[in-house]
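In: with the input below, show me the fold.
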Amino acid sequence: MTPAAMLMAAIGLLWVGGGTIWLLSRRSYRLWQVPQFLMDLVGFPVELAQAWFGRGGVPYALLLPNMAIFGLFTFAPMILNFYVSGTAGASISLFDRPWVGWDNYARIFNCESIFRPSTCGNEGFGYWTAMGNTLWFVAFQVPIMCVAALATALVLNMSIKGRGFWRAMFFYPVMLSPVVIANIWEWILHRRGMLNEVIGGTQGAVADLAGLNGFDLVVTVILAIVLVVVMERAIRARGDDEPSLAWTGVFAGLFAALTAWANPGSLIGLPSSLWIGVLVGAALFWLVMSGHRLARPALVAAGALAAVQLLAIQFDGVFAFDNYRPINWLVTPNTGWPFAWLVFVFCWSHMGFYMLIILAGLQAIPRDLYEAAKMDATRPVRAFWRITLPLVMPTMTVVIVLCLIRSFQVFDEVYLLTGGGPGRETFMVVQNIYESAFATNTPAYGEAAAGSVLMAVVIAVFTFFQLWITRRQSGL
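Out: Model prediction:
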């Protein structure tokens, strides 16, 4: 018999034997009370804890095993990690590791400036390069994740058809293994993957269409009709004096795309006009959202400007994909695509978890508040800013903190998709710690431990700052 089996047998014997003696010494049972005796035997530990610690101490007694396990596998490794960060050598045995104090931290900080990793030593260069990439990843990923999770939760909280199905579909990627997720997106984003096949398969057909006589005119008419319909919906969607925010958002997106295609900035030597369209679209969205009196005239002016740009577009140039070559989206350097796809894949795989938390917060908001707002003719946008967002903000704080911590810990998807490349564009701090400790012939456990301590400090600073800001806004 194995030691584990012997331990389980001893625990069972003490439970059944000790519980039987305990119960029979304190109360008597009739033959027909055997089921009651069995139930009392099941609850024997609770009764014993109550007898030893009193009624008030029972919760703490029941938490004691869990806290012991938590301390053994969480707090003890944390303390050991602090100790290891002050030692050197390649031995895994604590007694064979010489104490070096702050030397591991000094090697990491051996830089002219930590904001320029090229001025650091080998240890500092790897660590601060990875930390910089991680901070950029967090700066992009956390806002995108939180906004996407909130928007998805708002939609799935409505009375829509198949609501349970859509909730399950958005949560489904959370249950997948990171290895499975990485393999799926590797197949999609590879040079011969699905994305390149779709783009490459359509380039010939679109190029042929662009060469047909009258194609420019047909596309111009279709886009003009779409713009007119969307603008009309934005201005008169509800038949009242205030434009529709949702249709304004659609029009702003179309206007930004149209500006990027027409590229009016080329008249003054600008390489791209996308940012012009984005700024104008954002301004339109803000005017409508704030209920500004210039919202309607601004929409009409933007519609006229869109018509002018539409007439200026050369569609044979826009739809000429003859020069397209398949791209390996994950290894092409100096393009930003590997980093952007990592942000997207991470959001896709984890958004369902945060969406579920926000959805629970939304369902806890009393319906009476929305009914009162509806009776006062409150716009949905105003109800969101004045009712939904303030009441769901405590839940959003939890989501932001959890997302922040998880973003700093990103490793699986990055290691499997890009391996930290191309070059060191996606080299994250957890990968640096892993490679320092386990990926070399002479493992540097001390430097890896020191790096993990510094990472914990950075996470703690961001977390406490977020909590402090939230409490100030809540007036606590």
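
In: residue ranges in the stretch 51-200 of the chain under the pLDDT threshold?
Out: By pLDDT under 70, the stretch 51-200 of the chain contains no weakly predicted segment.

In: please enumerate the helices of it.
Out: 58-70, 76-84, 103-108, 122-156, 163-171, 178-189, 194-210 (DSSP state H, counting those that start in this stretch).

In: let me know which of those is the nearest to residue 220.
Out: Between residue 220 and these, the tightest spacing by C-beta to C-beta is seen for helix 194-210, at 12.7 Å. Where C-beta positions appear, they are placed from N, C-alpha and C, glycine not excepted.

In: returning to what we had before: now tabulate the helices of the stretch 51-200 of the chain in a markdown table and tack on mean neighbour count.
Out: Listed next are the helices of the stretch 51-200 of the chain as a markdown table, based on neighbours: other C-beta atoms under 10 Å:
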| stretch | mean neighbour count |
| --- | --- |
| helix 58-70 | 12 |
| helix 76-84 | 14 |
| helix 103-108 | 19 |
| helix 122-156 | 19 |
| helix 163-171 | 14 |
| helix 178-189 | 17 |
| helix 194-210 | 14 |
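
In: could the ones you listed go into TSV alongside distance to residue 289?
Out: Compiled in TSV, the helices of the stretch 51-200 of the chain are given as follows (distance: least, C-beta to C-beta, whole Å):
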stretch	distance to residue 289
helix 58-70	46
helix 76-84	46
helix 103-108	46
helix 122-156	15
helix 163-171	26
helix 178-189	34
helix 194-210	34
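
In: which of these sits closest to residue 365?
Out: Using C-beta to C-beta, the helices of the stretch 51-200 of the chain put helix 122-156 closest to residue 365, at 11.4 Å.

In: how far out from the middle of the chain is the closest one?
Out: 7 Å (C-alpha atoms, centre = their mean, to the nearest Å).

In: stretch 149-157 now?
Out: 14 Å.

In: can you list the domains in this structure?
Out: Listed domain ranges for the chain are 1-55, 126-191+335-474, 194-318 (source: automatic domain parsing).

In: which of those domains has the lowest mean pLDDT?
Out: Mean pLDDT per stretch puts domain 194-318 lowest among the domains of the chain, at a mean of 76.

In: now do it: distance to the chain's middle.
Out: 30 Å.

In: so which residue is dead centre in the chain?
Out: Centroid check for the chain by C-alpha atoms, centre = their mean gives residue 145 as the closest residue, at 4.0 Å.

In: wait, that residue sits on residue 347?
Out: Yes: counting by C-beta atoms under 8 Å, residue 145 sits close enough to residue 347 to count as a contact (5.1 Å).

In: state the distance from residue 46 to residue 37.
Out: 16 Å (C-beta to C-beta, to the nearest Å).

In: for the two, indicate the residue with more neighbours.
Out: Each of residue 46 and residue 37 has its neighbours counted (other C-beta atoms under 10 Å); residue 37 has more, 16 against 12.

In: name the element the more buried one belongs to?
Out: In this structure, residue 37 sits in helix 34-42 according to DSSP states H and E.

In: check contacts around residue 356.
Out: Shown in contact with residue 356 (C-beta atoms under 8 Å, 6 or more residues apart in numbering): 153, 167, 171.

In: which stretch of helix or strand covers it?
Out: Residue 356 belongs to helix 337-363, assigned by DSSP H and E.

In: cool, and residue 260?
Out: Counting by DSSP H and E, residue 260 is found in helix 245-262.

In: report the next helix or strand after that helix in sequence order.
Out: helix 274-289.

In: which residues touch whichever helix or strand comes after that next one?
Out: Downstream of helix 274-289, the first helix or strand assigned by DSSP H and E is helix 295-312. Contact with helix 295-312 is made by 220, 223-224, 227-228, 231, 234-235, 242-243, 248, 251, 254-255, 258-259, 261-262, 264, 280, 283-284, 287-288, as judged by C-beta under 8 Å, 6+ apart.

In: burial count for the nearest residue to residue 399 once chain neighbours are set aside?
Out: Leaving out its chain neighbours, the residue that sits closest to residue 399 by C-beta to C-beta, 6 or more residues apart in numbering is residue 354, at 4.8 Å. By other C-beta under 10 Å, 26 other residues sit near residue 354.

In: next one: residue 294
Out: What residue 294 shows, counting by other C-beta under 10 Å, is a neighbour count of 9.

In: equivalent analysis for the one 3 residues further on, please.
Out: Applying other C-beta under 10 Å, we find 11 other residues in the vicinity of residue 297.

In: swap in the one 5 residues further on?
Out: The number of residues packed around residue 302, counting by other C-beta under 10 Å, is 22.

In: give me every residue that touches residue 369.
Out: If you count contacts by C-beta under 8 Å, 6+ apart, then residue 369 has 387, 391 around it.

In: so it is in which element?
Out: helix 367-375.

In: that older thread, mind listing what's buried along the helix holding residue 356?
Out: 337-339, 341-343, 345-359, 361-362 (16 or more other C-beta atoms under 10 Å).
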